[in-house]
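A.B. asks: predicted model and sequence follow; I will ask about them next.
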Protein chains: 2
Amino acid sequence: MNIGQAAKHAGLPAKTIRYYEEIGLITPARDANGYRAFSTQDLHKLTFLSRARGLGFSIEDCRILLALWEDQTRSSADVKRVADQHLHDIETKIADLQAMHSTLSKLVASCAGDNRPDCPILKGLQTDRPDELT
Amino acid sequence: MNIGQAAKHAGLPAKTIRYYEEIGLITPARDANGYRAFSTQDLHKLTFLSRARGLGFSIEDCRILLALWEDQTRSSADVKRVADQHLHDIETKIADLQAMHSTLSKLVASCAGDNRPDCPILKGLQTDRPDELT
DNA sequence: GCTTGACCTTCCTGTAACAGGAACCCCTAT
DNA sequence: ATAGGGGTTCCTGTTACAGGAAGGTCAAGC
């Protein structure tokens, strides 16, 4: 199967698949004409990668997860450790974004948004603790 | 004031300040010895940038906000537009992360995390809709 | 006067995960 | 023969800096 079909199958851009080969996540065979020939196993790997990336795992985490996936003697604890760490990272990011959102939404709410220059958002950005502005 | 002091004052690494100069966000004067000389106005700008970046605004957004901040004839509507868009982006990111978190936390919860190879997390990653796994 | 250490300077490379595009090859249909 | 829709490699650009090399500067202490 050529890269175009594989791309559709996995829900990934062809460019991304070429990149995954370049960094050694997959190693599809080659036809006589130089075209990549994707096996069923390759397609499974690509789907796996697509899913893992979709859940926000980094490429390096994907590399680890893929290795565990292929290792029939793995311990589920090893998988869980990686996933748990990522889950924690996600929680941290959410908390950070929520903090930004909280501060920023207050500033936005207090801004008239008309044609006058007076703007609490800009005022908030020049002070150290914008929440203290009234 | 030298870059080290300015960095402390603004809560930014010196490296970041040099970068901001390189991309034209600030243009501090130079002493005879070539050292950057930060004025009070420069310090205000750096603090502004530090705050805006801390709220997640992109560098390009910061450039716009900084210009509005310096323009006494601005309309607060222009500022609000930028902030509102960013707020929306933040909301989108939070929603994305929460979706990942939801899926992943279910998978993690269903994984024993022991020394056996059987792992619902890996199973979830190879199917298209891991939530459907029981 | 000399050294030492803490500053400062520029310049180059690397990061994450690809996207865009050029220049070119391959295959099939008309 | 040509046109199109694949495929290939290679190079550049993206975001917002961090790390580090090589070297100039300044104030303090001996």
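C.D. replies: Nice, thanks for sending it over. Residues are numbered from 1 along each chain as shown, chains lettered A, B, ... in the order given.

A.B. asks: show me what contacts the residue minimising distance to the centre of chain A?
C.D. replies: The centroid of chain A falls nearest to A:Gly56 when counting by CA atoms, centre = their mean (3.4 Å). Contact partners of A:Gly56, counting by CB atoms under 8 Å, 6 or more residues apart in numbering or on different chains, are A:His86, A:Ile90, B:Leu97, B:Met100, B:Leu104. For every residue, glycine as well, the C-beta is placed using N, CA and C.

A.B. asks: what about the strands in chain A?
C.D. replies: For chain A, the strands defined by DSSP state E occupy A:29-30, A:36-37.

A.B. asks: let's have those strands in a markdown table, adding mean pLDDT and mean neighbour count.
C.D. replies: Below are the strands of chain A laid out as a markdown table (pLDDT from 0 to 100; neighbours: other CB atoms under 10 Å in any protein chain shown):
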| stretch | mean pLDDT | mean neighbour count |
| --- | --- | --- |
| strand A:29-30 | 96 | 10 |
| strand A:36-37 | 97 | 17 |
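
A.B. asks: want to throw those strands into TSV with distance to B:Gly11?
C.D. replies: Below are those laid out as TSV (distance: least, CB to CB, whole Å):
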stretch	distance to B:Gly11
strand A:29-30	53
strand A:36-37	49
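
A.B. asks: pull the helix or strand with minimum mean pLDDT from chain A.
C.D. replies: For chain A, counting by mean pLDDT, DSSP states H and E, helix A:120-126 ranks last in confidence among helices and strands (a mean of 94).

A.B. asks: close to DNA strand D, is it?
C.D. replies: No. Helix A:120-126 lies out of reach of DNA strand D by CB under 7 Å from any atom of the strand, never closer than 14.5 Å.

A.B. asks: in chain A, which spans are helices?
C.D. replies: Under the criterion DSSP state H, chain A contains helices at A:3-10, A:14-22, A:40-54, A:59-70, A:76-109, A:120-126.

A.B. asks: and the third one, what's buried?
C.D. replies: Judged by neighbour count using 16 or more other CB atoms under 10 Å in any protein chain shown, the buried positions of helix A:40-54 are A:Asp42, A:Leu43, A:Lys45, A:Leu46, A:Thr47, A:Phe48, A:Leu49, A:Ser50, A:Arg51, A:Ala52, A:Arg53.

A.B. asks: residues touching A:Lys45, list them.
C.D. replies: A:Leu25, A:Ile26, A:Leu66.

A.B. asks: ok, and of those, which contact DNA strand D?
C.D. replies: With the criterion set as CB under 7 Å from any atom of the strand, no member of the contacts of A:Lys45 is near DNA strand D.

A.B. asks: let me know the closest of those to DNA strand C.
C.D. replies: A:Leu25 (9.0 Å; CB to the nearest atom of the strand).

A.B. asks: that closest one is in contact with A:Leu66, isn't it?
C.D. replies: Yes. Using CB atoms under 8 Å, A:Leu25 is in contact with A:Leu66, at 6.6 Å.

A.B. asks: what's the closest non-adjacent residue to the closest residue to DNA strand D within chain A?
C.D. replies: Nearest residue of chain A to DNA strand D (CB to the nearest atom of the strand) works out as A:Gly4 at 2.4 Å. Leaving aside its chain neighbours, A:Gly4 sits nearest to A:Ala14 (6.2 Å; criterion: CB to CB, 6 or more residues apart in numbering or on different chains).
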